[in-house]
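>>> Model the following, please.
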Amino acid sequence: MTMYPEKITTSAPGRICLFGEHQDYLGLPVIALAINRRINITGVKRNDRIFNLDLPDINLKEVINIDQPIVYTHQKDYFRSGLKVLLNEKLHFTNGYDCRVTSTIPINSGTSSSSALNVAWMHFLFTAVSDERRHQPLEIARLAHRAEVIEFNESGGMMDQYTASIGGLVYLDFHSPGGIQKLNAKLGHFVLGDSGEPKDTQVILSRVRGGATNALNRLSQEQKDISIKILTSEQLDFYKYLFTPAEYDLLKANIIDRDLCQTAKQMLSQESTDDSKLGELLNIHQDQLRDRLLVSTPKLDRMIKASLKSGALGAKLNGSGGGGCMFAYAPNSYKQVAEAIIREGGIPYIITADTGSFALVE
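Predicted coordinates for the structure are as follows:
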């Protein structure tokens with residue numbers, strides 16, 4: 001007989017993407033870092049099959065009775081979708097919980113607050129029924145992705161859920177055997193800067209992903225053995241006549257960023273890291289995001305420039321772009337960089353690497 005814990009607390013981190021922004025949905029690898037800004041869910045067992053969810057940070061309450069059919073009430077109805085996914089996995093919930101959800105992750109800023117929520121919720125539900133998958137980060141991530149992205153037909157990749165579940169510094173290649181690897185580098189402080197600018201991730205992804213996908217489909221009709229995984233700059237120039245200028249820039253940026261990711265992986269596989277070189281690679285990545293993908297904003301650019309002037313070794317926007325956050329790598333100057341971000345109208349958070357999702361029971 002399943003023993004339901006009287007009290008459960010789960011926690012999952014936000015993340016920054018070091019390398020591979022706008023790459024994972026094209027089947028290319030990324031390098032991400034789980035950060036010490038987290039979502040926490042604490043629940044106390046009830047005697048019925050109702051989940052009461054209190055989200056004081058956004059002044060929201062949800063009540064889900066799992067004796068009734070699960071019907072989504074809004075597009076990002078993640079608590080219901082998580083339950084639905086696990087009910088389809090044949091989990092049986094005898095008891096519900098009174099849950100309180102709190103977060104220190106900036107919302108709608110590119111630091112994956114929604115994915116951290118889905119991972120923490122999936123971990124909570126597995127723990128509630130003592131399912132062995134509560135000890136399997138990859139399975140938690142896979143099902144969290146299903147609940148967040150597949151259930152709502154969203155266009156995001158899988159980087160966010162896997163980083164939140166695994167934690168630390170991770171290399172993620174979802175299309176190669178053994179492609180999920182934790183990297184050994186011990187990195188110093190970063191400063192996350194929230195611009196306060198609202199962002200529309202789906203609009204950005206529609207343009208950037210749609211443009212790159214259309215261009216690659218056109219290329220494959222001309223030359224079937226070329227894919228974005230092996231496309232060279234020379235080949236791109238040879239077939240330039242196939243693309244609009246915007247499509248050419250998208251593919252050029254993808255080639256450069258793809259190769260940057262591999263250079264960074266080799267360097268970050270070692271515990272001892274060349275901090276200056278890491279900063280240089282981050283700056284090159286930002287150049288592509290700003291000048292070719294066109295996903296930066298004037299305010300993000302100002303925050304990045306001010307960070308570099310204040311001693312940061314490298315800086316780039318974080319997430320899909322069009323607003324939200326940037327971050328700077330500033331192991332020896334993070335206080336000065338935080339002050340510079342404030343002067344540019346941003347909100348700084350000094351961050352470090354953190355663990356993946358975990359659960360505590362009483």
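>>> Could you list the low-pLDDT ranges of this structure?
Applying pLDDT under 70 to the chain picks out residues 1-3.
>>> domain parsing for it?
Following automatic domain parsing, one finds the domains of the chain at 7-184+356-361, 191-351.
>>> The ones you listed into a markdown table, with extra columns for mean neighbour count?
Every C-beta, even on glycine, is put in place using the N, C-alpha and C of the backbone. A markdown table is the format used below for these (neighbours: other C-beta atoms under 10 Å):
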| stretch | mean neighbour count |
| --- | --- |
| domain 7-184+356-361 | 20 |
| domain 191-351 | 19 |
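>>> Would you confirm that residue 76 contacts residue 152?
Yes. Under the criterion of C-beta atoms under 8 Å, residue 76 makes contact with residue 152 at 6.7 Å.
>>> hey, which helix is longest across the protein?
For the chain, the helix with the greatest residue count under DSSP state H is helix 245-268.
>>> Give the other helices and strands that that one contacts.
Based on contacts counted as 3 or more C-beta pairs under 8 Å, 6 or more residues apart in numbering; DSSP states H and E, the elements that helix 245-268 packs against are strand 7-19, strand 30-45, strand 169-172, helix 201-222, helix 233-238, helix 275-291.
>>> Let's see that with 6 Å instead.
On a contact count with 3 or more C-beta pairs under 6 Å, 6 or more residues apart in numbering; DSSP states H and E, helix 245-268 meets strand 7-19, helix 201-222, helix 275-291.
>>> contact partners of it?
Helix 245-268 has contacts (C-beta atoms under 6 Å, 6 or more residues apart in numbering) with 19-20, 23, 28-29, 31, 171, 183, 185, 211-212, 215, 228, 233, 236, 240, 281, 285, 288, 292-293.
>>> and if you look at stretch 324-335?
Here stretch 324-335 makes contact (C-beta under 6 Å, 6+ apart) with 16, 109-111, 188-194, 199, 275, 279, 300, 303-304, 307, 311-315, 317-318, 337, 350.
>>> End to end on it, go ahead and measure it.
This stretch, stretch 324-335, spans 21 Å end to end (C-alpha to C-alpha, to the nearest Å).
>>> now stretch 318-329
By C-alpha to C-alpha, one end of stretch 318-329 lies 12 Å from the other end.
>>> Assumed residue 348 was part of a strand.
Yes. Assignment of residue 348 by DSSP: H, G, I helix; E, B strand; the rest coil places it within a strand.
>>> correct me, but it touches residue 339?
No. Applying C-beta atoms under 6 Å, one finds residue 348 not in contact with residue 339, separated by 7.9 Å.
>>> so residue 178, which of the three states?
Of the three states, residue 178 takes coil according to three-state DSSP.
>>> And it, its phi and psi?
Main-chain torsions, residue 178, degrees, to the nearest 10: phi 70, psi 20.
>>> could you list every residue that touches the residue nearest in space to the middle of the chain?
A centroid search over the chain (C-alpha atoms, centre = their mean) returns residue 160, at 3.0 Å, as the residue closest to the centre. If you count contacts by C-beta under 6 Å, 6+ apart, residue 160 has them with 112, 115.
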